[in-house]
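Asker: sequence first, predicted model second:
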Amino acid sequence: MSKEAAASSIQAGSRDQPDRGDEDDGETTPLLAQGASRGASFASSVFNLMNAIMGSGILGLAYAMANTGIVGFSVLLLLVSSLASYSIHILLTLCDQTGLKSYEGLGEIAFQKAGKVLVASTILIQNIGAMASYMFILKSELPATIHSFLRTEASGLWYEDGGILLILVTVCVVLPLALLPKIGFLGYTSSLSFFFMLFFAVVVVVKKWSIPCPLPVNSTLSLQMSSPTPSSNFSGSDCTAHLFVFSSKSAYAIPTMAFSFLCHTAILPIYCELHRPTKRRMQNVANVSISLSFLVYLVSALFGYLTFYAQVESQLLLGYDAYLPHDVLVTVVRLFILLAVLLTVPLIHFPARKAVLMLFLGERRFSWIAHCLSTFLLLLVVVLLAEYVPDIRNVFGVVGSTTSTCLLFVYPGLFYLRINSHDIRSCSSTKAGALVVFGVFVGLLSLCIIILSWAQMSF
């Protein structure tokens with residue numbers, strides 16, 4: 001499809017059907033032409049999107065605040081969340097213009113078949129990496145969490161083997177949820193995942209008053225606190241919260257925040273199944289989801305930082321392990337975080353499977369055979385990666401730094417500029433261009449940080 005033909009098809013589509021992007025009149029738009037008579041509710045869509053947004057990245061935000069300061073972190077978090085919401089607005093605007101309902105379809109309109117393949121491949125790589133990383137976390141942390149919860153000595157039982165637990169939770173939890181035909185069905189499990197994250201934030205607030213300041217120092221803490229502190233001149237009596245912090249480690253904050261709001265692969269599938277799917281209604285779903293996630297992020301980061309100050313760990317729970325090694329609430333919240341990560345995997349699996357089917361089968365009618373086969377193969381690849389790749393988080397750190405920023409910032413802005421090339425000097429096109437520039441900046445920054453961290457580890 002040529003660029004001119006794409007533009008003419010968009011204009012023809014806008015003449016043939018009324019613009020309902022700013023109305024919520026209760027009628028079903030063409031976006032749900034093949035859908036059921038009633039789609040997913042507003043609440044379940046919000047929970048699904050929040051589940052796609054929030055993951056294990058919440059554990060690193062207190063460390064980001066320690067390296068940027070309270071005000072600096074808050075401003076950056078607000079900026080990144082606003083840009084994430086705006087990129088969703090761009091995607092929904094393009095869907096409204098073209099009548100398409102998939103990220104891959106927008107790529108095809110913008111850059112023909114190459115754009116479709118590029119977007120589908122990016123979604124597939126990013127989501128496989130995310131699922132494998134989450135599975136790796138479960139494999140590594142679940143045995144220790146269960147052992148801590150039961151308070152028993154190591155005895156070599158089956159539940160102390162991460163590989164066995166990984167296969168068990170995949171077969172019993174992930175596979176049944178991943179086989180569901182519609183993403184809206186995951187609203188119930190997504191609500192559980194959100195409340196797990198909310199419980200984590202509440203525990204962080206409560207435990208602020210359980211750990212005294214200055215922090216206790218003993219001979220075992222130096223062994224337990226393995227990661228470097230944000231400030232090399234920290235003393236035990238330093239309990240000062242900084243409003244602004246500027247250091248070489250401040251560069252870690254922006255990529256951490258950007259990846260904490262990545263949900264764009266799930267946006268359009270959720271949009272397709274939303275009951276009364278107007279552009280305005282879906283934008284409200286996105287705004288509510290991002291706002292609630294913003295509040296949970298901010299509260300957990302703030303009180304995590306005010307608990308440990310400059311000694312906050314890059315993974316927040318490690319600090320509680322050091323100072324409250326046998327605390328029941330900390331053990332429960334660790335288990336809840338792992339369950340939230342576990343329940344996020346089926347949601348990430350949905351757009352990955354959709355990308356696989358679109359790459360190999362194109363736009364065909366639903367088939368249970370293709371649905372089940374692609375589900376099994378994807379989960380098999382993910383489990384094998386989590387089981388046998390020893391350093392999977394570093395491998396997919398590089399992949400994630402590029403694919404995530406493309407899906408979050410670069411592609412939405414780039415597609416908008418391409419599809420609306422006839423109006424390139426408009427304010428909307430300028431904003432889209434700025435979004436692309438910001439995405440390239442974040443991607444290069446995070447990639448450089450990963451390479452530098454590897455270089456430091458090798459010396």
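Answerer: Noted; the coordinates are in hand.

Asker: what segments of the chain are strands?
Answerer: In the chain, no segments count as strands under DSSP state E.

Asker: which ones are touching the nearest residue to Phe294 once chain neighbours are set aside?
Answerer: Nearest residue to Phe294 in three dimensions, chain neighbours excluded: Ser81, at 4.9 Å (Cβ to Cβ, 6 or more residues apart in numbering). Just so you know, the C-beta spots here come from the backbone N, C-alpha and C atoms, and that holds for glycine as well. When contacts are counted by Cβ atoms under 8 Å, 6 or more residues apart in numbering, Ser81 touches Phe261, Ile290, Ser291, Ser293, Phe294.

Asker: cutoff 6 Å now
Answerer: Counting by Cβ atoms under 6 Å, 6 or more residues apart in numbering, Ser81 touches Phe261, Ile290, Phe294.

Asker: how about Val356, nearest residue that isn't a chain neighbour?
Answerer: Ser374 (5.0 Å).

Asker: follow-up on the earlier one: distance of the residue nearest to Phe294 from Met257?
Answerer: Applying Cβ to Cβ, to the nearest Å, the value for Ser81 to Met257 is 8 Å.

Asker: now do Arg365
Answerer: Distance from Arg365 to Met257, by Cβ to Cβ: 40 Å.

Asker: so those two - more neighbours on which side?
Answerer: Met257 (26 against 7; other Cβ atoms under 10 Å).

Asker: residues contacting that one?
Answerer: Met257 makes contacts with Leu76, Leu77, Val80, as judged by Cβ under 6 Å, 6+ apart.

Asker: try Arg353
Answerer: Arg353 neighbours (Cβ under 6 Å, 6+ apart): Ser374, Thr375, Leu378.

Asker: the last one: neighbour count?
Answerer: Looking back up the chat, that one is Leu378. 20.

Asker: Thr331 touches Ser148, doesn't it?
Answerer: Yes - taking Cβ atoms under 6 Å as the definition, Thr331 is a contact partner of Ser148 at 5.1 Å.

Asker: what score does His147 have for pLDDT?
Answerer: Per-residue confidence (pLDDT) for His147: 77.

Asker: and the residue nearest to Val356, what does it touch?
Answerer: By Cβ under 6 Å, 6+ apart, the contact set of Ser374 is Arg353, Val356, Leu357.

Asker: sorry, back to before: closest to Asn67 out of the contacts of Arg353?
Answerer: Ranked by distance to Asn67 (Cβ to Cβ), those are led by Leu378 at 36.0 Å.

Asker: where does pLDDT dip in the stretch 301-450 of the chain?
Answerer: Scanning the stretch 301-450 of the chain for pLDDT under 70 picks out 390-398.

Asker: ok, now with 80
Answerer: In the predicted model of the stretch 301-450 of the chain, residues 314, 321-326, 362-366, 389-401, 449-450 satisfy pLDDT under 80.

Asker: which parts of it are helices?
Answerer: Remark: helices assigned in the stretch 301-450 of the chain by DSSP state H, counting those that start in this stretch are 316-323, 328-361, 368-388, 392-405, 411-419, 427-458.

Asker: closest one to Met135 among those?
Answerer: Per Cβ to Cβ, nearest to Met135 of the helices of the stretch 301-450 of the chain: helix 368-388, 3.6 Å.

Asker: buried stuff in that closest one?
Answerer: Across helix 368-388, burial judged by 16 or more other Cβ atoms under 10 Å covers Ala370, His371, Ser374, Thr375, Leu378, Leu379, Val382, Val383, Leu385, Ala386, Glu387.

Asker: state the distance from the first one to Tyr103.
Answerer: With distances taken as Cβ to Cβ, Ala370 is found 19 Å from Tyr103.

Asker: can you check the second one too?
Answerer: Shown here: His371 relative to Tyr103, a distance of 19 Å by Cβ to Cβ.

Asker: Leu91 now?
Answerer: 7 Å.

Asker: looking at the two, which is more packed in?
Answerer: Using other Cβ under 10 Å as the criterion, Leu91 and Tyr103 rank with Tyr103 on top: 29 against 22.

Asker: of the contacts of Met257, closest to Leu179?
Answerer: Each of those was scored against Leu179 by Cβ to Cβ, and Val80 proved nearest at 34.1 Å.

Asker: format the buried residues of helix 368-388 as JSON lines; extra columns: distance to Asn48.
Answerer: Output for the buried residues of helix 368-388, formatted as JSON lines (distance: Cβ to Cβ, whole Å):
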{"residue": "Ala370", "distance to Asn48": "23"}
{"residue": "His371", "distance to Asn48": "19"}
{"residue": "Ser374", "distance to Asn48": "20"}
{"residue": "Thr375", "distance to Asn48": "18"}
{"residue": "Leu378", "distance to Asn48": "19"}
{"residue": "Leu379", "distance to Asn48": "19"}
{"residue": "Val382", "distance to Asn48": "20"}
{"residue": "Val383", "distance to Asn48": "23"}
{"residue": "Leu385", "distance to Asn48": "25"}
{"residue": "Ala386", "distance to Asn48": "24"}
{"residue": "Glu387", "distance to Asn48": "28"}
